[in-house]
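Undergrad: Coordinates only, no sequence provided:
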C-alpha cells in the first residue's frame with residue numbers, strides 16, 4: 001500500500017510486505033549512488049593495469065612508445081561503449097517525468113491571468129525547470145516559493161484559502177494528476193477536495209498525457 005508523504009507523493013507503507021531489495025520501510029537497500037565515490041579508485045586501478053600492460057608490450061617489442069597503446073585503447077573503448085547510453089540519457093524519452101511537454105504546451109495555449117494548479121506540489125518542478133513558459137499564468141496554490149523554502153515544492157496555501165481562489169478563476173490548468181472520479185476515493189485532503197471542486201463546477205476542455213504527467217484545462221461552468 002501507499003501512503004501520502006506530502007500532498008500525494010508516493011511512499012510505500014512499512015506495514016506492507018517488502019519486495020526483494022527493499023528495506024522494511026520500502027526504501028531500496030541498494031542504489032548506484034552508494035558506490036559512485038568508488039569510481040575514482042576504479043579509474044586509478046584501470047590506469048595502473050593499462051600502464052603495466054603497456055610496459056610489457058613495450059618491453060616485448062623493444063619500442064618504448066608502445067607503452068601508451070593499452071591506455072589509448074582502454075580510453076577509446078570506454079568512450080565508444082558509453083556513447084549510446086549517454087545519448088539516450090540526453091533524450092526527453094529517458095526522463096521518468098516529462099515536464100517540458102506540458103510546460104511548452106501551456107506557454108502556447110494559456111491566456112494571461114489563467115491559473116495553474118499543481119496536483120500535487122511534486123509537479124511544481126515543471127515551473128522550476130521552465131519558468132518562462134509559466135509567465136502568463138499564476139500558481140494559485142503557492143504560498144511560499146521554492147527558493148524561499150530551499151525545496152522544489154515550496155509551500156502551499158491552506159486548503160480553505162485555495163478553494164475560493166479556484167472559484168474566482170474562469171480557466172484553470174491542472175498539471176500532474178488528472179482530476180477524475182477515482183480521485184474522490186483518495187483520503188480527505190487537498191487533492192481530493194480540489195478534484196471534487198473541479199469536477200462539480202468546471203468542465204474539462206482539453207487533456208494531454210506526457211510521460212507520467214497529465215496536463216488538463218478546466219473552464220468554469222456558469
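TA: Sure thing, it's come through. Since the model is a prediction, treat every value here as computed from it, not as a measurement.

Undergrad: Residues contacting the longest helix that the chain contains, please?
TA: Looking only at the chain and at elements set by DSSP state H, the helix with the highest residue count is helix 39-61. The contact list for helix 39-61 (CB atoms under 8 Å, 6 or more residues apart in numbering) reads 64, 65, 66, 67, 68, 69, 70, 71, 74. C-beta here means a position set from N, CA and C on the backbone, and glycine is covered the same way.

Undergrad: same thing but at 7 Å, please
TA: Outside helix 39-61, the residues within contact range by CB atoms under 7 Å, 6 or more residues apart in numbering are 64, 66, 67, 68, 69, 70, 71, 74.

Undergrad: Buried residues, it. List them.
TA: Under the neighbour-count criterion of 16 or more other CB atoms under 10 Å, helix 39-61 has 50, 53, 54, 58 buried.

Undergrad: hang on, the earlier thing: make JSON lines out of the contacts of helix 39-61 and add secondary structure and pLDDT.
TA: Formatted as JSON lines, the entries for the contacts of helix 39-61 read as follows, by DSSP: H, G, I helix; E, B strand; the rest coil; pLDDT from 0 to 100:
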{"residue": "64", "secondary structure": "helix", "pLDDT": "88"}
{"residue": "66", "secondary structure": "helix", "pLDDT": "88"}
{"residue": "67", "secondary structure": "helix", "pLDDT": "89"}
{"residue": "68", "secondary structure": "helix", "pLDDT": "90"}
{"residue": "69", "secondary structure": "helix", "pLDDT": "91"}
{"residue": "70", "secondary structure": "helix", "pLDDT": "89"}
{"residue": "71", "secondary structure": "helix", "pLDDT": "88"}
{"residue": "74", "secondary structure": "helix", "pLDDT": "87"}
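
Undergrad: So for this protein, which residue is the most central one in space?
TA: If you average the C-alpha coordinates of the chain and look for the closest C-alpha using CA atoms, centre = their mean, you land on residue 97, 4.7 Å from that point.
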